[in-house]
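Asks: Any chance you could fold what I've pasted below:
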Amino acid sequence: MGNKKKSTIKDIANVLGITPSAVSKALNNHPRISKKTKKAVLQVAENLNYQPNHIATALRKGKSNLVGVIIPRANSNFFSSVIEKIEEVLNKKGYNVIITQSNESYEKECKNIEALLFTQVDGIIASMANETVKLDYYNKIKQKGIPLILFDRGENDLNVDYVGIDDYMSSHIVIDHLVEQGCKRIAHIGGFSHTRIYKNRIRGYFDALKKHNRPFEDNLIYECNLRQSDGRDIMKKIINLPDRPDGIYVSSDYAALGALEVMKENNIRVPDDIALVGFGNEPFSAISTPAISSVEQQSKKIGELAAKTFLKRISNPKEKVSLNKMILDAELIVRTSSKRK
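Replies: Residues are numbered from 1 along each chain as shown. Below is the predicted model:
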């Protein structure tokens, strides 16, 4: 059985014996259309199960009141909290949010951007996938004159508004803490260094070790997708090193949880044998055994600032507003996994 044909404005006009233009004006509550006609149009539209074509409306009006959001993963409390705040701020101003997930895939991210552009969104707020190196699709957004705001993961080369924490100083805070707890050799499980935030965390890690006269060893630094399974796989390598580190700094709570699981399975005492610090302050980090020390990323504030930056851009599209690079201070939440003293 074939799909039922969608009703159109013309169908409503034929039923009522009026012009499609009059139907369109009635549906848009035009003041020149009588209340009686508006009521009749709405009744027939409901009877015919008419659904407006938002894309056509957006093309006609030059505005859709839709904002696209691209995130790498939906299963992260950080990203879900950012989205919650973005939606809260934008809904109050009459905007609806379309959420897409790249799942850390460059190819899927490109398809998400294409879909959002086709939907005629008024702006895009995004955090890049781990795989993303080429910026051509993000440049496509800019070329179309659509406001683009990046958060957490973004690249300076794009020259767009950005909101995130100070990743470089975050690493200093973590290493300072681990050194204070007596750690002599500290490993780092990070994201891929082609991504700016992970590059900055690695740079901060290196400089902080140097500051404390701690060794920087190539076999103690790892790059990965920072999933729980990645943390497990890398931790298995670390515990088999002839000279194990006594501290581990992980750029994700998920990977930190995987590392913790392997240490517990191998009777390694945390934090006595190896102290552990994660990143993101996911809810499970506070209830794991032991509870995982973690960097708080200020997700709510990032979401609020990203949404307000979009609103500022869209309210003055022709005005040359200087780019905003909003860098927030990070905070280390110290828990049992790293607290020796």
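Asks: So what's the residue count around the nearest residue to Glu217 once chain neighbours are set aside?
Replies: Spatially, and ignoring its direct neighbours in sequence, Glu217 is nearest to Arg185 (7.4 Å; Cβ to Cβ, 6 or more residues apart in numbering). Any C-beta I mention is one placed from the backbone N, CA and C, and that applies to glycine too. By the criterion of other Cβ atoms under 10 Å, Arg185 has 18 neighbours.
Asks: go on, the one 10 residues further on?
Replies: Counted with other Cβ under 10 Å, the burial measure for Thr195 works out to 22 neighbours.
Asks: about what we covered before: contacting residues for the residue nearest to Glu217?
Replies: Counting by Cβ atoms under 8 Å, 6 or more residues apart in numbering, Arg185 touches Arg214, Pro215, Glu217, Leu220, Asp243, Arg244, Pro245, Asp246, Gly247.
Asks: farthest-separated two in those residues?
Replies: The largest separation in the contacts of Arg185, counting by Cβ to Cβ, is between Arg214 and Arg244 at 14.9 Å.
Asks: quick one: Lys10 from Ile274, how far?
Replies: Between Lys10 and Ile274 the distance is 71 Å, computed by Cβ to Cβ, to the nearest Å.
Asks: out of those two, which sits in the busier spot?
Replies: More crowded of Lys10 and Ile274, by other Cβ under 10 Å: Ile274, with 25 against 11.
Asks: hang on, isn't that one packed against Val262?
Replies: No - Ile274 is beyond contact range of Val262, at 10.5 Å (criterion: Cβ atoms under 8 Å).
Asks: got the CA positions of stretch 152-168 in PDB?
Replies: Written as PDB, here are the backbone C-alpha positions of stretch 152-168 (Å, rounded to 0.1, in the frame of the first residue of the first chain):
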ATOM      1  CA  ASP A 152      34.900  22.400  23.900                       C
ATOM      2  CA  ARG A 153      36.500  21.200  20.700                       C
ATOM      3  CA  GLY A 154      37.200  23.800  18.100                       C
ATOM      4  CA  GLU A 155      40.000  25.000  15.800                       C
ATOM      5  CA  ASN A 156      41.600  28.500  15.700                       C
ATOM      6  CA  ASP A 157      42.000  28.200  12.000                       C
ATOM      7  CA  LEU A 158      38.200  28.600  11.500                       C
ATOM      8  CA  ASN A 159      38.200  32.000  13.200                       C
ATOM      9  CA  VAL A 160      34.800  31.700  14.800                       C
ATOM     10  CA  ASP A 161      33.300  32.200  18.200                       C
ATOM     11  CA  TYR A 162      34.500  29.600  20.800                       C
ATOM     12  CA  VAL A 163      33.600  28.700  24.400                       C
ATOM     13  CA  GLY A 164      35.600  26.200  26.500                       C
ATOM     14  CA  ILE A 165      37.800  25.700  29.500                       C
ATOM     15  CA  ASP A 166      41.500  26.400  29.800                       C
ATOM     16  CA  ASP A 167      42.800  23.000  28.800                       C
ATOM     17  CA  TYR A 168      46.400  24.000  29.200                       C
END
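Asks: List the buried residues for that stretch?
Replies: Of the residues in stretch 152-168, 152-155, 158, 160-165, 167-168 count as buried by neighbour count, 16 or more other Cβ atoms under 10 Å.
Asks: For Asp167, list the residues it contacts.
Replies: Applying Cβ under 8 Å, 6+ apart to Asp167 gives the contacts Ile197, Tyr198, Asn200, Arg201, Gly204, Ala330.
Asks: Now it: closest residue in space, sequence neighbours ignored.
Replies: Leaving aside its chain neighbours, Asp167 sits nearest to Asn200 (4.0 Å; criterion: Cβ to Cβ, 6+ apart).
Asks: Check Ile99 too.
Replies: Nearest residue to Ile99, sequence neighbours excluded (Cβ to Cβ, 6+ apart): Val69, at 5.0 Å.
Asks: Off-centre distance for the helix or strand that the one you found is a member of?
Replies: Val69 is part of strand 66-71, with elements assigned from DSSP states H and E. Centre-to-centre, strand 66-71 and its host chain are 10 Å apart (Cα atoms, centre = their mean, to the nearest Å).
Asks: about what we covered before: buried ones only from the contacts of Arg185, please, as a PyMOL command.
Replies: In PyMOL, a selection of the buried entries from those looks like this (16+ other Cβ under 10 Å):
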select buried, resi 214+220+245+246+247
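Asks: Which member of the contacts of Arg185 is positioned nearest Ile302?
Replies: Closest to Ile302, out of all of those and judged by Cβ to Cβ, is Gly247, at 27.8 Å.
Asks: so how far is Lys341 from that closest one?
Replies: 13 Å.
Asks: For Arg227, state which of the contacts of Asp167 is nearest.
Replies: Nearest to Arg227 among these is Tyr198, at 14.2 Å by Cβ to Cβ.
Asks: Give me the spatial nearest neighbour of that closest one, chain neighbours excluded.
Replies: Of all residues not flanking Tyr198 in the chain, Gly191 sits nearest, at 3.5 Å (Cβ to Cβ, 6+ apart).
Asks: Then Asp157?
Replies: Once flanking residues are discounted, Asp157 sits nearest to Leu135: 6.2 Å by Cβ to Cβ, 6+ apart.
Asks: What is the neighbour count of that neighbour?
Replies: With neighbours defined by other Cβ under 10 Å, the count for Leu135 comes to 13.
Asks: Repeat that for the one 3 residues further on.
Replies: By the other Cβ under 10 Å criterion, the neighbourhood of Tyr138 contains 24 residues.
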